[in-house]
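Asker: Fold the stuff below for me.
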Amino acid sequence: MREPVDARRRILRGWHGRSALIAAVLLLTLTVAGALAYQAQWAARSHRTTAENVLRDYAAFASSVLAQRARGGLNDVLAPQLTRLATSCHGRDRPPTIREWLLAKDT
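Answerer: Now for the predicted structure:
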């Protein structure tokens, strides 16, 4: 009668050892999956930060180009008018009247 109990214990020990091995492999798999998820989140955050910085730099560049073109356009429009106004002045003590300004020649 003693032998069947020992046989059961041997079988249970075998299953218990296999169960521990399976649990260890599952725990290792869970740890690796967690590490990979962390790396994926870190990479996504890094990519987002890089994209935001690139867009910010491009926006700054585009605004400087826009300001330069606007300055050039305003200069093209206002320079002749201001030159016309300056040539119609007869002295520094008084600005020209509207009539003098309208009758001044374009240069």
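Asker: Tell me where the model's unsure across the chain.
Answerer: In the prediction, the chain carries residues with pLDDT under 70 at positions 1-16, 88-93, 96, 104-107.
Asker: Helices along that one, start to end?
Answerer: With DSSP state H as the criterion, the chain has helices at 2-88, 98-103.
Asker: Just put those helices in a markdown table and tack on mean neighbour count.
Answerer: Quick note: C-beta positions are derived from backbone N, CA and C, even for glycine. Output for these, formatted as a markdown table (neighbours: other CB atoms under 10 Å):
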| stretch | mean neighbour count |
| --- | --- |
| helix 2-88 | 10 |
| helix 98-103 | 11 |
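Asker: Tell me how far residue 54 lies from residue 24.
Answerer: Taking CB to CB, to the nearest Å as the measure, residue 54 falls 45 Å from residue 24.
Asker: do the same with residue 31
Answerer: Distance from residue 31 to residue 24, counting by CB to CB: 10 Å.
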